[in-house]
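Peer 1: Please work out how this folds:
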Amino acid sequence: MNAAALAKLDAGGSVTIGAFLASHQNTGPLVQADNAMAVFQDATADMVFQTTRSYAGNLAAPPPGLCVSSVATPNFVTGLLAINTVSPYLLPTFHDAGPSLTLVLQGAGTNPQAVISLPQQSGAGDYTTANPYCLSLGCNGPAFLTGGSWTLNAPGGADVGAFTAGFTLPTMPQWTNAESFDGQNVPRSSNLTVTWTGGDPNDMLLISGYAEVLDFANPANSTAQSFTCSVSVSVGTLTVGANMLKSLPAAPTPSATIAYGGTLSISTGATANFTAPLKAGGSLDAGAITWNWTSTRFVNWQ
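Peer 2: Okay, the predicted model is just below:
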């Protein structure tokens with residue numbers, strides 16, 4: 001965002017932004033979900049922050065090589081999805097870039113390997129796929145985050161002109177010891193080592209743990225905690241110390257009034273800039289293309 005746009009925000013005004021996100025989440029080898037979405041909107045300073053957070057993920061990731069622990073809201077569904085939640089905060093003023101966007105993975109020559117449509121949602125102003133949840137690795141087509149050269153194409157609409165924005169994705173990492181955690185009791189008293197292969201060595205990887213205890217009889221006793229560690233993808237391994245694991249609540253004795261949920265996840269992603277012309281003149285004040293890849297396993301922290 002240039003100095004003039006920042007000055008508008010400082011003065012309490014608004015800017016015109018565009019945001020695109022492609023995401024992949026899996027909770028095991030046979031369950032995965034791919035989704036893509038985009039929005040063009042006017043935004044004040046606080047809405048720029050909200051949209052950036054929704055599309056770019058956690059803004060509070062620790063510096064490389066460090067881990068942080070934080071109190072979380074005791075809600076297991078929220079806790080699981082907070083790792084990579086996509087819920088854009090839209091202002092009433094959104095901008096039309098055409099009836100549908102297309103996401104294209106380039107193949108040999110001019111023949112694309114994949115063409116994914118993002119139709120504009122009626123009454124909402126954003127563009128999104130139909131959330132194709134899958135029960136197999138095939139996922140009825142190429143995953144959104146297949147490594148290679150991609151383009152985001154818009155035909156142009158009433159407000160935003162036609163544009164093509166290119167970005168390149170690396171091969172996604174493989175969590176090589178994921179199945180040793182899947183559905184297992186994981187001790188908090190010992191260090192925990194996560195290993196992976198692949199990924200862009202210049203990207204960062206986040207390792208996150210989450211646990212919550214929900215006490216339905218005494219809600220005030222409900223508790224939740226999480227930790228996040230950041231490390232370069234290139235190292236291929238990270239050991240989380242027992243002192244960090246002990247910050248998570250342990251699985252309680254099963255009860256009709258107490259529920260427990262725990263997860264261990266790894267994730268990576270990156271953001272690139274893009275621009276698009278505006279029919280009223282000029283171009284977007286800021287545009288961001290973001291991708292996020294997350295793999296999660298359910299665990300019982302002991």
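Peer 1: Please point out which parts of the lengthiest strand in the chain sit buried.
Peer 2: Ranked by residue count and defined by DSSP state E, the top strand of the chain is strand 258-273. For strand 258-273, burial by neighbour count (16 or more other Cβ atoms under 10 Å) applies to 258-271. Yep, even glycine has a C-beta here, placed from its N, CA and C like the rest.
Peer 1: same thing with stretch 35-47?
Peer 2: Buried residues in stretch 35-47, counted by 16+ other Cβ under 10 Å: 35, 36, 37, 38, 39, 40, 41, 42, 43, 45, 47.
Peer 1: can you list those residues in a markdown table and add pLDDT?
Peer 2: Compiled in a markdown table, the buried residues of stretch 35-47 are given as follows (pLDDT from 0 to 100):
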| residue | pLDDT |
| --- | --- |
| 35 | 80 |
| 36 | 83 |
| 37 | 86 |
| 38 | 89 |
| 39 | 88 |
| 40 | 90 |
| 41 | 86 |
| 42 | 84 |
| 43 | 78 |
| 45 | 73 |
| 47 | 69 |
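Peer 1: mind listing which of those are in strands?
Peer 2: Judged by DSSP E, the buried residues of stretch 35-47 include 35, 36, 37, 38, 39, 40, 41, 42, 43 as members of strands.
Peer 1: What about the nearest residue to residue 204 once chain neighbours are set aside, how many residues nearby?
Peer 2: Closest residue to residue 204 apart from its sequence neighbours, by Cβ to Cβ, 6 or more residues apart in numbering: residue 230 at 5.6 Å. For residue 230, the neighbour count with other Cβ atoms under 10 Å is 18.
Peer 1: so what's residue 230 bridging to?
Peer 2: residue 206 (DSSP bridges).
Peer 1: my read: it touches residue 208, true?
Peer 2: No. The pair residue 230 / residue 208 is not scored as a contact, 9.9 Å apart, by Cβ atoms under 8 Å.
Peer 1: Can you pull out the low-pLDDT segments for the stretch 1-150 of the chain?
Peer 2: Along the stretch 1-150 of the chain, the parts satisfying pLDDT under 70 run over 1, 29-30, 47-60, 74-92, 108-113, 123-124, 130-144.
Peer 1: For the residue nearest to residue 204, give me its contacts.
Peer 2: 61, 62, 63, 64, 65, 66, 67, 204, 205, 206 (Cβ atoms under 8 Å, 6 or more residues apart in numbering).
Peer 1: how close does it sit to residue 248?
Peer 2: 18 Å (Cβ to Cβ, to the nearest Å).
Peer 1: can you check residue 179 too?
Peer 2: 21 Å.
Peer 1: next one: residue 283
Peer 2: Residue 283 sits 46 Å away from residue 248, going by Cβ to Cβ.
Peer 1: list the helices and strands the longest strand of the chain packs on?
Peer 2: helix 76-81, strand 192-197, strand 204-215, strand 286-298, strand 300-301 (3 or more Cβ pairs under 8 Å, 6 or more residues apart in numbering; DSSP states H and E).
Peer 1: Mean neighbour count and distance to residue 154 for these - can I get that in CSV?
Peer 2: As requested, those are exported to CSV (neighbours: other Cβ atoms under 10 Å; distance: least, Cβ to Cβ, whole Å):
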stretch, mean neighbour count, distance to residue 154
helix 76-81, 16, 28
strand 192-197, 17, 35
strand 204-215, 22, 30
strand 286-298, 22, 11
strand 300-301, 18, 45
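Peer 1: low-confidence ranges in the stretch 151-300 of the chain?
Peer 2: Scanning the stretch 151-300 of the chain for pLDDT under 70 picks out no residues.
Peer 1: Distance-wise, check residue 289 relative to residue 299.
Peer 2: For residue 289, the distance to residue 299 (Cβ to Cβ) stands at 33 Å.
Peer 1: That'll do, ta.
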